[in-house]
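# Got a sequence here, can you build the structure:
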Amino acid sequence: MTFIDPRLTERRNPRTADIDLASPLEIVDLINTEDRTIPDVVATQREAIARAIDKAEATFRDGGRLFYVGARTSGRLGVLDASETTPTYGTDPEMVQGIIAGGPKALTRSQEGAEDRIESAVEDLSERGVRAGDFVIGIAASGTTPYVRRALEYARSVGASTGLVACSPPPQDTLDVVDILILPITGPEVVTGSTRMKAGTATKLVLNMITSGAMIRLGKTYGNLMVDLRATNNKLKDRSERILMEVCELGRTEARALLEAAGGTVKTAIVMHFLSINRDAAERTLEDAGGVIRRVVRRPPPPVRPLQK
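Modelled structure (predicted):
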């Protein structure tokens, strides 16, 4: 009988076996050396991530929703990514949702055994009304989390599309209910089994790509400018006005007035300005163009100014 765990994320890392004897600077160097491998590992999954972006875009355009499902660190990362899409891209909070084993309390305090109560996964997805046309992405660093596997089984049973982000090869019974597998193999952690480290970093990169990629495809940016944000606080109002000043070549006062006329939405304001139309007409025009500004104004955003040293 072997004591070696078959899950790669649970193996011991020979490069950090003496980390308990290291100085603070040596600890920094050891962790940083491991972390620098992560972007290349994520890059090996570029085609799978692109398929997930494509599926998410299609899901949103058809009125479906994206759900992230995970336990512990994986669940927290899913909730984080989901919660940030609304302020960044002006989306309805229902559009991207994060579900964590153990519920909201698990975001700040460990809920022991939550990931093993598999039927709670069905209850959690049922409560959110997961249905055909939705896209459910499980997140499981080890690839073996029972809660995540059951959630994917349930999602498949109601006709939803499924995906999985894992950092260790999942078992066949999990693969059988996954449409899109994203598998960045990050290897043994600096501290054995601490998947909030390399696996967590890789997962964060992947989730960023999926939601950001889908939102870009939906027309939430103009070039790389964040134009579908809503000016709901002073910071966002300032950013919104600055975008309009740059794109439309306006002064601050004119940009502020235009933003107000557009209901605080930068994208609508840009279309109103370049087409000389009112808010209602701008919103209809954008909807007809799938939300993509370039299809409407037929011009690129202003060139990027060189970075100041």
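# What are the buried residues along stretch 210-220?
Buried residues in stretch 210-220, counted by 16 or more other Cβ atoms under 10 Å: 210-215, 217-220. For glycine as for every other residue, the C-beta is placed from the backbone atoms N, C-alpha and C.
# Now secondary structure too, for those, in CSV please.
Shown next, in CSV, are the buried residues of stretch 210-220 (DSSP: H, G, I helix; E, B strand; the rest coil):
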residue, secondary structure
I210, helix
T211, helix
S212, helix
G213, helix
A214, helix
M215, helix
R217, helix
L218, coil
G219, coil
K220, coil
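# Could you identify the most distant pair in the residues you listed?
Farthest apart among the buried residues of stretch 210-220 by Cβ to Cβ are I210 and G219. That separation is 16.9 Å.
# quick one on the thing from earlier: just the buried residues of stretch 210-220 now: which is nearest S74?
I210 (14.1 Å).
# quick one: the closest one and I53 touch, right?
Yes - in this structure I210 lies within contact range of I53 using Cβ atoms under 8 Å: 5.8 Å.
# Skip the chain neighbours and tell me the closest residue to V296.
The spatial neighbour of V296 that comes closest, neighbours along the chain excluded (Cβ to Cβ, 6 or more residues apart in numbering), is A289 at 4.9 Å.
# Can you pull out the low-pLDDT segments for the stretch 201-309 of the chain?
Counting by pLDDT under 70, the low-confidence segments of the stretch 201-309 of the chain come to 307-309.
# Just the helices from it, written as ranges.
Assigned by DSSP state H, counting those that start in this stretch, the helices in the stretch 201-309 of the chain fall at 234-248, 252-261, 266-275, 279-288, 293-297.
# Give me the phi and psi for the closest residue to C167 other than its chain neighbours.
Leaving aside its chain neighbours, C167 sits nearest to A199 (4.0 Å; criterion: Cβ to Cβ, 6+ apart). Per-residue torsions, A199: phi -60, psi -40 (degrees, to the nearest 10).
# pretty sure A199 contacts P188?
No - judged on Cβ under 8 Å, A199 makes no contact with P188 at a distance of 10.1 Å.
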